[in-house]
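Engineer: what follows is a protein structure lacking sequence information:
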């Protein structure tokens, strides 16, 4: 493979020590534990999938309604509903690991110690490709985004997890900060193998007749094409600031958007909300990227990473 | 409640063809969609998840190389979530959808014409369980009538004696003939199926649909009839109360949805589990639940 560049572009990418067969991943919170969509998604052809975030203790999640459509976007607060790490390992993980695709487990702790403890528990399981640290969920009171909004705390979480596990560690950042590069650099210095961004933007919708927020949890996180330009900028900024690989996401709707993130500096991309509309979208993005590489005369997707040409 | 056979039914992502569409002045649309796979595999109470824009429109709305404002649509017109609809009946290779135009998605759907294509994911969810049912009492109102119509059709096909109570707010609020309203149309269809049906209105009859239901059930022996309800939360909660401990009652719930397959947990509803409760999904665990397992004290806002 890779010897006939005109025929078959090389799609493999390295996320730290983890080699992926292609750069198209499915984002956390969208794909559940990988099994729910059955054959609709073609998960085993993706570069990797990130499972729904788990916490140490089970979480019932936010009161409904949990999601609404907004202009070119979706505002949600699921509230990290999950069965807890113990039940996850017992009931969910074995089926996920049988899917034949690299499995990235997303975790959220309520403290630095809990993040490290969860990483240590996962370290005992075989077959996990990487751990993504959800230090960016706007929907976890007293945790989540609070870590990701402070460079010092972000570094503490990454450092503690780093020393608790051998698997690659990806820090997932929130865009709800003044300077995202400061957080990214702190995570890199603390030992993160890669940085993924962006999680959702905090948002709110109010019903003007009842004057009540439209989500049961009052506030939520905004995703979808509405946030894409904001996400592309942050990926561009972070890719310039760190030397570890960047995984870009935020409103990818089709292959053009994936290409845009890669050109901005992302080594790989994650598809989220678009999968709700079209479960086959991951495969379509992958096909589109292949075609684009051929048209551009590129033999490897890596030749596209960070090739944005800023205006003189 | 969730029959194992349903769990095994794979969900398809398929194209359907509009075979007929009728939109009346009240904004109700009856859409017949040719989709043999779903028509033959689905059960009453199951849903289809419909993309409410054409492929061309989707590309146009999403293509960031277009001008922000174009002739045919704006970027913000992208309808990034599908819309769930209960299958309201089956006709050969076709499914029937009944919808009311309430927003951009339903308006687009109501404007589809014969021969146009629809992008469908389905069938979703479990559907009603008619096994062992000898007599059925159907109680519905509003958009909930759609799933009851397909249930009535199934009852007719199985020789289950069905009676329907349809609730409506009023017959006079609109200047239109009442047969153009959801309730009026439902009565018409139910009568055509030979289902004995009763229409009650809050205004003219000063009655809620649940009142005649209570009256009917008071004359019956426990378990003599199975009750099926779909409509507003308060109505279903009342039916659950009336039937508790005496009659089996299945309800079909609604919620805003994301993925449609149980992965994202957007369409959560509170369901009893052991001594407590937890959230289950309308799209996969439901939409049909036993009335006794729903935590009625926790209505969605």
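Structural biologist: Nice, thanks for sending it over. Note that the structure is predicted; figures quoted are calculated from it, not measured.
Engineer: so what's residue A:82 bridging to?
Structural biologist: residue A:59 (DSSP bridges).
Engineer: list the residues that contact it.
Structural biologist: By C-beta atoms under 8 Å, 6 or more residues apart in numbering or on different chains, the residues touching residue A:82 are A:52, A:53, A:54, A:55, A:58, A:59, A:61, A:88. C-beta: built from backbone N, CA, C; applies to glycine.
Engineer: cool, and residue B:265?
Structural biologist: Contact partners of residue B:265, counting by C-beta under 8 Å, 6+ apart, are A:32, A:52, A:61, A:66, A:78, A:81, B:258, B:279, B:281.
Engineer: sec struct for it, please.
Structural biologist: Reducing the assignment at residue B:265 to three states with DSSP: H, G, I helix; E, B strand; the rest coil gives coil.
Engineer: mind checking how far it is from residue A:61?
Structural biologist: Going from residue B:265 to residue A:61 by C-beta to C-beta, to the nearest Å gives 6 Å.
Engineer: identify the contacts common to those two.
Structural biologist: Counting by C-beta under 8 Å, 6+ apart, the contacts common to residue B:265 and residue A:61 are A:78, A:81, B:279.
Engineer: from these, pick the one nearest residue A:175.
Structural biologist: residue A:78 (18.4 Å; C-beta to C-beta).
Engineer: quick one: secondary structure of the closest one?
Structural biologist: Under three-state DSSP, residue A:78 comes out as coil.
Engineer: so it touches residue A:30, yeah?
Structural biologist: No: using C-beta atoms under 8 Å, residue A:78 is not in contact with residue A:30; the gap is 10.7 Å.
Engineer: shared neighbours of the two, anything?
Structural biologist: Joint contacts of residue A:78 and residue A:30 (C-beta under 8 Å, 6+ apart) are residue B:264.
Engineer: the strands in the stretch 101-250 of chain A, which residues?
Structural biologist: Taking DSSP state E, counting those that start in this stretch as the test, the strands found in the stretch 101-250 of chain A are A:103-107, A:128-134, A:169-172, A:194-197, A:201-203, A:206-207, A:212-213, A:220-223, A:246-248.
Engineer: between these, which gets nearest to residue B:127?
Structural biologist: Set against residue B:127 and scored by C-beta to C-beta, the strands of the stretch 101-250 of chain A come closest in strand A:220-223, at 30.8 Å.
Engineer: what strands flank the closest one, and is each parallel or antiparallel?
Structural biologist: Sheet pairing here is set by DSSP bridges, and for strand A:220-223 it gives strand A:73-76 (antiparallel), strand A:201-203 (antiparallel).
Engineer: which other residues reach that strand?
Structural biologist: Residues contacting strand A:220-223 (C-beta under 8 Å, 6+ apart): A:67, A:70, A:73-77, A:137-139, A:199-204, A:250-251, A:272-273.
Engineer: mind running it again at 7 Å?
Structural biologist: Under the contact criterion C-beta atoms under 7 Å, 6 or more residues apart in numbering or on different chains, strand A:220-223 has outside partners A:70, A:73-77, A:138-139, A:199-203, A:251, A:272-273.
Engineer: now do stretch A:240-252
Structural biologist: Contact with stretch A:240-252 is made by A:14-16, A:25, A:27, A:170, A:181, A:184-185, A:188, A:192-196, A:198, A:223-228, A:231, A:235, A:238-239, A:257-258, A:261, A:264-272, A:274, as judged by C-beta under 7 Å, 6+ apart.
Engineer: looking at the strands of the stretch 101-250 of chain A, which is buried most?
Structural biologist: Highest mean neighbour count of the strands of the stretch 101-250 of chain A: strand A:246-248, a mean of 30 (counted as mean count of other C-beta atoms under 10 Å in any protein chain shown).
Engineer: ok, then the element right after it?
Structural biologist: helix A:255-264 (DSSP states H and E).
Engineer: what helices or strands is that following helix leaning on?
Structural biologist: Packing partners of helix A:255-264 (3 or more C-beta pairs under 7 Å, 6 or more residues apart in numbering or on different chains; DSSP states H and E): helix A:228-241, strand A:268-271, helix A:281-295.
Engineer: so which of the ones you listed is the most surrounded?
Structural biologist: Scoring these by mean count of other C-beta under 10 Å, the most buried comes out as strand A:268-271, with a mean of 28.
Engineer: that one near chain B anywhere?
Structural biologist: No: remark: strand A:268-271 sits outside contact range of chain B, by C-beta under 7 Å from any C-beta of the partner chain, the gap being at least 12.6 Å.
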